[in-house]
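> Okay, structure incoming, though there's no sequence with it:
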C-alpha cells in the first residue's frame with residue numbers, strides 16, 4: 001500500500017504542478033503545490049499527511065527535471 005500511495009502521490013503532485021505552466025513557476029512553487037496535493041491524497045488514503053507532503057513536494061520540485069510538467 002505504501003508504494004502504491006507514494007507513486008500515486010508523486011504522479012498527482014507532478015500533474016498538479018504542471019498546471020502552473022502559464023505563470024512560469026519556480027521549483028519552490030511546484031514543490032509547495034505538490035506538498036499540498038500529496039498531503040491531501042495521503043490524508044484521504046488514511047496515511048501520514050506529512051509523508052504525503054514530502055513525497056508530493058519532491059515530485060513537484062523535480063517534475064520539470066524529468067520533463068513531466070514542462
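The structure has been received and is ready for your questions. Being a predicted model, the structure only gives us computed values, none of them experimental.

> Okay, buried residues for the lengthiest helix in the chain please.
Scanning the chain for the helix with the most residues, using DSSP state H, yields helix 27-44. Going by neighbour count (16 or more other C-beta atoms under 10 Å), the buried part of helix 27-44 is 30-42. Every residue, glycine included, has its C-beta placed from N, CA and C.

> from these, which two are the most distant?
30 and 42 (18.0 Å; C-beta to C-beta).

> Could you pull up the residues touching residue 61?
27, 28, 30, 31, 34 (C-beta atoms under 8 Å, 6 or more residues apart in numbering).

> Pull out the buried positions in the host helix or strand of it.
Assigned by DSSP states H and E, residue 61 falls within helix 49-62. By 16+ other C-beta under 10 Å, the buried positions in helix 49-62 come out as 49, 51-62.

> How much space separates the nearest residue to residue 61 once chain neighbours are set aside from residue 55?
Excluding the flanking residues, the one nearest residue 61 by C-beta to C-beta, 6 or more residues apart in numbering is residue 31, at 3.9 Å. Separation of residue 31 from residue 55 (C-beta to C-beta, to the nearest Å): 11 Å.

> about what we covered before: model confidence for the residue nearest to residue 61, exactly?
Residue 31 carries a pLDDT value of 87.

> was I right about it contacting residue 60?
Yes - the criterion here is C-beta atoms under 8 Å, and residue 31 meets it with residue 60 at 4.8 Å.
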